[in-house]
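S.K.: just a sequence and a predicted model for now, questions to come.
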Amino acid sequence: MPGLLLNTLRGAVTDQRPVWLMRQAGRYLPEYRALRAEKGGFLELVYDSDAAAEVTLQPIRRFGFDGAILFSDILIVPHALGQNLQFLAGEGPHLSPRLVDATLSSLEAAPHHFEPVYETVRKVRAALGPETTMLGFIGSPWTVATYMVTGEGSRDHHVARAMAYRDPVAFAEIIDAIVESSITYLSGQIEAGAEAVQLFDSWSGSLSPQQFERWVVAPTARIVDTIRQRHPHVPIIGFPKGAGGKLPAYARETGVDAIGVDETVDPHWIHRELPASMPVQGNLDPLLLISGGAELEEAARTVLRAFEGRPHVFNLGHGIDKTTPIAHVERLLEIVRSDKA
């Protein structure tokens with residue numbers, strides 16, 4: 001039988017809310033830090049299927065989350081498209097050549113980078129019980145493009161946004177390449193055992209409404225449409241962080257099965273604005289999980305009450321921070337699991 005999370009993503013309203021946390025596998029866990037120290041660099045860990053599977057499973061063993069999110073990175077797609085990818089200590093990811101300076105045609109595709117990730121999915125799915133849903137993911141085209149164009153993360157994505165205005169033809173070529181590669185990558189994850197997938201558009205909030213339609217909604221809709229044709233029973237979660245008032249249009253126009261909402265969104269508002277049958281995921285502020293105490297408990301219950309009567313997956317508004325105390329995660333799970341709709 002499908003687990004609680006998968007049932008909810010398929011539209012079931014249940015007494016018990018499923019829960020998983022974005023970045024639940026990672027630096028706040030001592031077992032992760034120990035394995036990372038043993039294996040060395042982040043990318044080496046991602047491409048070591050045994051190690052990546054172990055990292056994916058660590059929070060399931062410790063907390064019993066309803067979903068196991070693949071341990072990987074959204075920049076695997078640019079790596080497979082031919083950019084050089086490095087994670088430098090204290091600096092984050094670096095991609096070269098930057099596509100603000102180079103053409104897409106100058107890259108030599110390296111799709112073999114997908115293979116160890118597929119193997120990670122197979123290993124994790126084989127180790128999970130049927131009650132735990134295996135979650136795959138990609139970065140959405142706009143967010144991935146910002147890294148490919150700039151070569152690194154940025155505060156306001158000025159370089160990518162300027163290129164999209166200045167040379168929309170070249171920028172569209174980058175988006176199209178990401179779409180096609182992402183479809184291949186997601187299909188491979190699903191064929192390896194992913195039962196649901198999430199599209200992370202972490203930087204969607206930086207765009208004007210017109211640019212949001214062009215570079216977020218339209219490419220996402222193409223991915224969703226193709227994945228649904230190939231894998232009609234696999235739920236797709238869209239998470240356009242920072243979309244705010246554009247969320248209802250994103251939900252209508254992309255065709256995603258479920259919407260992830262960040263901590264800046266009023267849960268009562270989005271509950272009113274979305275179709276009652278549409279699953280919603282979110283949206284506790286990750287900073288509350290660091291601070292803990294009465295404020296954490298009150299905010300968690302506010303989220304639970306706001307989404308009563310609809311399919312709801314309890315999650316954070318973004319990824320769990322590396323400084324989060326484990327005791328606070330345990331307390332959050334007590335609150336969510338003791339709550340009955």
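M.R.: Looks like it arrived, so ask away.

S.K.: nearest residue to the middle of the protein?
M.R.: residue 200 (4.0 Å; CA atoms, centre = their mean).

S.K.: okay, that one: pLDDT?
M.R.: Residue 200 carries a pLDDT value of 96.

S.K.: and if you look at residue 341?
M.R.: 46.

S.K.: same check on residue 132?
M.R.: For residue 132, pLDDT reads 98.

S.K.: what sits against residue 146?
M.R.: 153, 154, 157, 160, 203, 206 (CB atoms under 8 Å, 6 or more residues apart in numbering). (Each C-beta comes from the backbone N, C-alpha and C, glycine too.)

S.K.: what about the first one, neighbour count?
M.R.: Using other CB atoms under 10 Å, residue 153 has 14 neighbouring residues.

S.K.: just give the closest residue to it, not the sequence neighbours.
M.R.: residue 92 (5.6 Å; CB to CB, 6 or more residues apart in numbering).

S.K.: beta partners for the one you found?
M.R.: Counting by DSSP bridges, residue 92 is bridged to residue 88.

S.K.: rewinding a little: out of the contacts of residue 146, which end up buried?
M.R.: 154, 157, 160, 203, 206 (16 or more other CB atoms under 10 Å).

S.K.: distance check, the first one against residue 83.
M.R.: It refers to residue 154. 16 Å (CB to CB, to the nearest Å).

S.K.: also the last one?
M.R.: Per CB to CB, residue 206 is found 21 Å from residue 83.

S.K.: what's the first-to-last distance across stretch 308-319?
M.R.: Stretch 308-319 has its terminal residues 23 Å apart, counting by CA to CA, to the nearest Å.

S.K.: returning to what we had before: part of a strand, is the residue nearest to the centre of the chain?
M.R.: Yes - counting by DSSP: H, G, I helix; E, B strand; the rest coil, residue 200 is part of a strand.

S.K.: bridge partners for it, pull those for me.
M.R.: Beta bridges link residue 200 to residue 139, residue 239, judged by DSSP bridges.

S.K.: which ones are touching it?
M.R.: Residue 200 neighbours (CB under 8 Å, 6+ apart): 74, 137, 138, 139, 140, 143, 239, 241.

S.K.: among these, which one has the most neighbours?
M.R.: residue 140 (29 neighbours).

S.K.: check the offset of the longest helix seen in the chain from the chain's centre.
M.R.: Ranked by residue count under DSSP state H, the longest helix found in the chain is helix 168-192. Distance of helix 168-192 from the chain centroid (CA atoms, centre = their mean, to the nearest Å) equals 16 Å.

S.K.: buried residues in it?
M.R.: Using 16+ other CB under 10 Å as the test for burial, helix 168-192 gives 170-172, 174-175, 177-183, 185-190, 192.

S.K.: any idea of the mean pLDDT in it?
M.R.: 98.

S.K.: so what does it touch, helix or strand wise?
M.R.: helix 76-81, helix 114-127, strand 133-139, helix 141-150, helix 158-166, strand 196-201, helix 218-230 (3 or more CB pairs under 8 Å, 6 or more residues apart in numbering; DSSP states H and E).
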